[in-house]
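Student: Just the structure for this:
(one chain, ligands or ions: 2)
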Amino acid sequence: MEALIVALPGDGIGPEVTAEGVRALRAVERLGGHRFQIVEALIGGAAIDATGEALPEATRSACSGADAVLLGAVGGPKWSDPSASVRPEQGLLDLRAALGVYANLRPVVTHPALYDASPLRPERLAGVDIMVVRELTGGIYFGKKERGPDFATDVCTYQRGEIERVLRMAGELARQRRRRVVSVDKANVLETSRLWRSTATTLFTSEFPDIELEHLLVDAAAMHLLSRPADFDVMVTENMFGDILTDEASMLVGSLGMLPSAALNQERRGLYEPIHGSAPDIAGRGIANPCGTILSAALLLRHSLGLEDLAVVLEQAVFAAVSAGHRTGDIGGGATALGTRAMADAILAELPAG
Ligand code: IPM
Ligand code: MG
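Tutor: Ligands and ions are numbered 1, 2, ... in the order given. Presented below is the predicted three-dimensional model:
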């Protein structure tokens, strides 16, 4: 097959990890006899510096015309001045909205080789395999914002249709898994959550009677994620709760640097990014963990290109390298920690010979 992929390195460690994601795509391209055309474009602070805009029109149109987008990270202290009229993060939010990628899949799978990188005890980590589905184009991220000298407002709004489509994605994913969905909300306080909860009950009763649906309040969910993580199968939630819970869940795997994500729209074209941020503290030092981005490239192969075999091959290469003891600093590399490039080399060396 031929596919057009846009790579958006962005800011901080974004360019370092994106380069390795692209290299991984090139490596599997050779394996499978496919042709990927990969073009780079600007987003975030890098785009602000070059064009004054966080999502330049050229980037928006390149992404709209692509089969998939692989993004590094956006943001950094250089562009964080509260009085700045444009912020890097807005470029990412605008891109998510422009592509209509409402369903953000964030798989959280623990691996025995990494148990020692997690602050939790190994017996809690065994068998953890959670698919978090985060609503990505609605809620408080996209509501009206206002700011006065002594007040500020962020409005959280959801339409029933926005809730239904992401719940449907969760239900469909659960059918390919262990058939259990936990819907997370704050229905004891928030009106949007009460709409979310009743929509979930109605939708699962009519469309997914074969799936077990449970509701959890977000504060309790945060606790249960640590006390009984192996009980979860699919967890679906609104935008901001999903942002927070997945950073928490990354500690089950061992590091924020390990977690990939896929943001999908109705056509399953998608935006793929590690869930970590731009990590300005380690940017430019070549020590960032490339696993989250390489695993995001695997999700890209699976969900947007339909190349399941190659996705699995790439995922297996990551875990083979980790199992063989190759580590960046964030996953316990210690004094012999590998840098970004060396870690990616170790992963690519695990791929079958083309
Ligand atoms: C994420 C990030 C983004 C988000 C930021 C950079 C806007 O934290 O993808 O999880 O909050 O969605
Ligand atoms: Mg986040």
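
Student: and residue 181, what does it touch?
Tutor: Residues in contact with residue 181, defined by Cβ atoms under 8 Å, 6 or more residues apart in numbering, are 170-171, 174, 204, 208, 211-214, 233-236. Placement of C-beta: from N, CA and C, glycine included.

Student: Would you point out the most distant pair within those residues?
Tutor: Put simply, by Cβ to Cβ the two of the contacts of residue 181 set farthest apart are 208 and 235, 15.1 Å from each other.

Student: more crowded one of those two?
Tutor: Between residue 208 and residue 235, counted using other Cβ atoms under 10 Å, the more crowded position is residue 235 (28 against 20).

Student: and the residue nearest to residue 188 when sequence neighbours are not counted, what are its bridge partners?
Tutor: Here the nearest residue to residue 188 in space, its sequence neighbours aside, is residue 217; by Cβ to Cβ, 6 or more residues apart in numbering that works out to 6.1 Å. For residue 217, the beta-bridge assignment (DSSP bridges) gives partners residue 185.

Student: What is the longest helix anywhere in the chain packed up against?
Tutor: In the chain, taking DSSP state H as the definition, the longest helix is helix 14-32. Contacts defined by 3 or more Cβ pairs under 8 Å, 6 or more residues apart in numbering; DSSP states H and E place helix 14-32 against strand 2-10, strand 35-40, strand 68-73, helix 291-303, helix 308-323, helix 340-348.

Student: Please work out which of these is packed deepest.
Tutor: When neighbours are counted by mean count of other Cβ atoms under 10 Å, the highest per-stretch mean among the helices and strands packed on helix 14-32 falls to strand 68-73, a mean of 30.

Student: right, is it up against ligand 1?
Tutor: No - interface with ligand 1: strand 68-73 contributes nothing (Cβ under 6 Å from any ligand atom), its closest point being 7.1 Å away.

Student: what residues does the stretch 201-350 of the chain put near ligand 1?
Tutor: Counting by Cβ under 6 Å from any ligand atom, the residues of the stretch 201-350 of the chain close to ligand 1 are 243, 275, 277.

Student: give the contact list for the closest residue to ligand 1 within the stretch 201-350 of the chain.
Tutor: Taking Cβ to the nearest ligand atom, ligand 1 has its nearest neighbour within the stretch 201-350 of the chain at residue 243, 4.4 Å off. Remark: with contacts taken as Cβ under 8 Å, 6+ apart, residue 243 is in contact with residue 134.

Student: How about residue 327?
Tutor: By Cβ under 8 Å, 6+ apart, the residues touching residue 327 are 333, 334, 336, 337, 338, 343.

Student: Could you say which helix or strand holds the closest residue to the third one other than its chain neighbours?
Tutor: Spelled out, that is residue 336. For residue 336, the nearest residue in space outside its immediate sequence neighbours is residue 327; the separation is 7.9 Å by Cβ to Cβ, 6+ apart. Assigned by DSSP states H and E, residue 327 belongs to no helix or strand.

Student: Count the neighbours of whatever residue of the stretch 1-150 of the chain ends up closest to ligand 1 for me.
Tutor: Among the residues of the stretch 1-150 of the chain, residue 89 lies closest to ligand 1, at 4.0 Å counting by Cβ to the nearest ligand atom. By other Cβ under 10 Å, the residues close to residue 89 number 18.

Student: Work out for me the element it sits within.
Tutor: helix 88-99.

Student: Give me the helices and strands touching that helix, please.
Tutor: With contacts defined as 3+ Cβ pairs under 8 Å, 6+ apart, the packing partners of helix 88-99 are strand 2-10, helix 44-51, helix 57-64, strand 68-73, strand 270-272.

Student: If we use 7 Å, what do you get?
Tutor: With contacts defined as 3 or more Cβ pairs under 7 Å, 6 or more residues apart in numbering; DSSP states H and E, helix 88-99 has these neighbours: helix 44-51, helix 57-64, strand 270-272.

Student: now, of those, which is deepest in the fold?
Tutor: That would be strand 270-272, which, of these, has the most neighbours on average (mean count of other Cβ under 10 Å), namely a mean of 28.

Student: quick one: strands adjacent to that strand?
Tutor: The pairing partners recorded for strand 270-272 under DSSP bridges are strand 68-73 (parallel), strand 262-264 (antiparallel).

Student: Please name the residues that touch the nearest residue to residue 145 once chain neighbours are set aside.
Tutor: With Cβ to Cβ, 6+ apart as the criterion, residue 145 has its nearest non-adjacent residue at 5.4 Å, and that residue is residue 154. The neighbourhood of residue 154, defined by Cβ atoms under 7 Å, 6 or more residues apart in numbering, consists of 140, 143, 145.

Student: And residue 277, which helix or strand is it part of?
Tutor: Element membership of residue 277 [criterion: DSSP H and E] is none; it lies in no helix or strand.

Student: how deep is it tucked in, by neighbour count?
Tutor: 19.

Student: Can you tell me how far it is from residue 342?
Tutor: 23 Å (Cβ to Cβ, to the nearest Å).
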